[in-house]
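K.L.:
Sequence and predicted structure are below.
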Amino acid sequence: MKISYKPFELILRHPFTIAKFSRTSTPIMLMELSHEGFTGYGEASMVPYMGENIETANSFMSKVDLSWLKPPFNFDELIAYLDGIAPGNPNIKAAIDIALQDLRGKIEQKACYKYFNTDPAKMPPTSYTLGIDTPEVLLQKIKEGEHCHIIKVKLGRDNDKELINTIRSATDKPLYVDANQGWKDRQQGLDMVLWLHEQGVVLIEQPMAKEDPDSNAWITERSPVAIVGDESVQRFADVEKAKGVYHGINMKLMKSAGMHEGYRMIMKAKELGLKTMIGCMSETSCGTLAAAALAPLCDWADLDGPFLTSNNPYKDPEFADGKWVLTDTPGLGLIKF
């Protein structure tokens, strides 16, 4: 097994602002795993709040030896091995998992989604995310996202209603809201939830701090729209903790350490009666296709990485009627320029 990886700066089309910070690019680690003439591709998208960067990724990879791993790959053994190196670092672990999933599919001439019994016909529409911005830029972004049927908007500051009113002046599309832990008072949060419900909001991610399950549960109990745990639900062990606190979870491959554990998280959430959303960080087509392979198992999708970036090193996946299209190409179906 040959491993190669290199840093890549993924440039955003617009400065991306959420409740607690703003950025114009995202550090990415592009991964390649080769075996007997086949190459699998993966990526780690290292957004600031996750605590990973190029240096931590390089440090982790210096300890990785996959010479023991042979097809067919045992992904339970893989994640146990990677967690044994360090308990954190889910981003770079996801890069390894995704690359191996792609490699497995190419070796066995099988599309990745088929390993998870995914039905492409059940692909949910993906939302198009609007970061916090001025009214003029928000209106521009809405036009740029016309090909998507759902808008996701970042909230969590003192001008939330102004942002929603601006969006509603331009479109009546369904809205997803992500507060990114930005709300501080549970009663004020609930008042905002009720107002957002009147504006056609379908779901709200992480209204209160992840360290405050009681306030999140209090809002969830009273909310007429779905309340979804995001920052509070990182890996498999967190799913059970979400029951009784949220209506659903937002699973992201960069949090779950890849497709294998991400699938387990989705299945566990369903078992517990929780709704499921599949989201993304700032990602290339590689991470998007990996998530799309699992998306039809979920209720909602927010997989807009290629739409929000300007230097995707791969061809955009096929997209039609607001949804990603899964093909029978072996592996992820990723196409390099």
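P.N.:
Perfect, thanks for sending it.
K.L.:
Tell me the first helix or strand C-terminal of the helix or strand where Ile249 lies.
P.N.:
In this assignment (DSSP states H and E), Ile249 forms part of strand 248-252. Downstream of strand 248-252, the next assigned helix or strand under DSSP H and E is helix 253-256.
K.L.:
Which other helices and strands does that following helix contact?
P.N.:
helix 90-108, helix 259-271, helix 285-292 (3 or more Cβ pairs under 8 Å, 6 or more residues apart in numbering; DSSP states H and E). Every C-beta, even on glycine, is put in place using the N, C-alpha and C of the backbone.
K.L.:
And it, how far out from the chain middle?
P.N.:
7 Å (Cα atoms, centre = their mean, to the nearest Å).
K.L.:
Please identify the most buried of the helices and strands packed on helix 253-256.
P.N.:
Per-stretch averages of neighbours, counted by mean count of other Cβ atoms under 10 Å, single out helix 285-292 among the helices and strands packed on helix 253-256, with a mean of 28.
K.L.:
Low-confidence bits of the stretch 1-150 of the chain, can you list those?
P.N.:
Applying pLDDT under 70 to the stretch 1-150 of the chain flags the ranges 19-20.
K.L.:
the strands in it, which residues?
P.N.:
2-17, 22-35, 38-45, 127-130, 150-154 (DSSP state E, counting those that start in this stretch).
K.L.:
which stretch among these comes nearest Tyr314?
P.N.:
Tyr314 lies closest to strand 38-45 among the strands of the stretch 1-150 of the chain, at 8.1 Å (Cβ to Cβ).
K.L.:
Flag every buried residue along stretch 197-216.
P.N.:
For stretch 197-216, burial by neighbour count (16 or more other Cβ atoms under 10 Å) applies to 200-208, 210, 212-213, 215-216.
K.L.:
Just put those in a markdown table and tack on pLDDT and distance to Asp76.
P.N.:
Shown next, in a markdown table, are the buried residues of stretch 197-216 (pLDDT from 0 to 100; distance: Cβ to Cβ, whole Å):
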| residue | pLDDT | distance to Asp76 |
| --- | --- | --- |
| Gly200 | 95 | 42 |
| Val201 | 97 | 38 |
| Val202 | 96 | 35 |
| Leu203 | 97 | 32 |
| Ile204 | 97 | 34 |
| Glu205 | 96 | 29 |
| Gln206 | 96 | 29 |
| Pro207 | 95 | 34 |
| Met208 | 95 | 34 |
| Lys210 | 96 | 27 |
| Asp212 | 97 | 33 |
| Pro213 | 97 | 29 |
| Ser215 | 97 | 36 |
| Asn216 | 97 | 31 |
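K.L.:
Tell me if I'm right that Lys63 and Ile85 touch.
P.N.:
Yes: applying Cβ atoms under 8 Å as the test, Lys63 and Ile85 come out as touching, 5.0 Å apart.
K.L.:
and the two? which has more neighbours close in?
P.N.:
Counted by other Cβ atoms under 10 Å, Lys63 and Ile85 do not tie: Ile85 has more neighbours, with 15 against 10.
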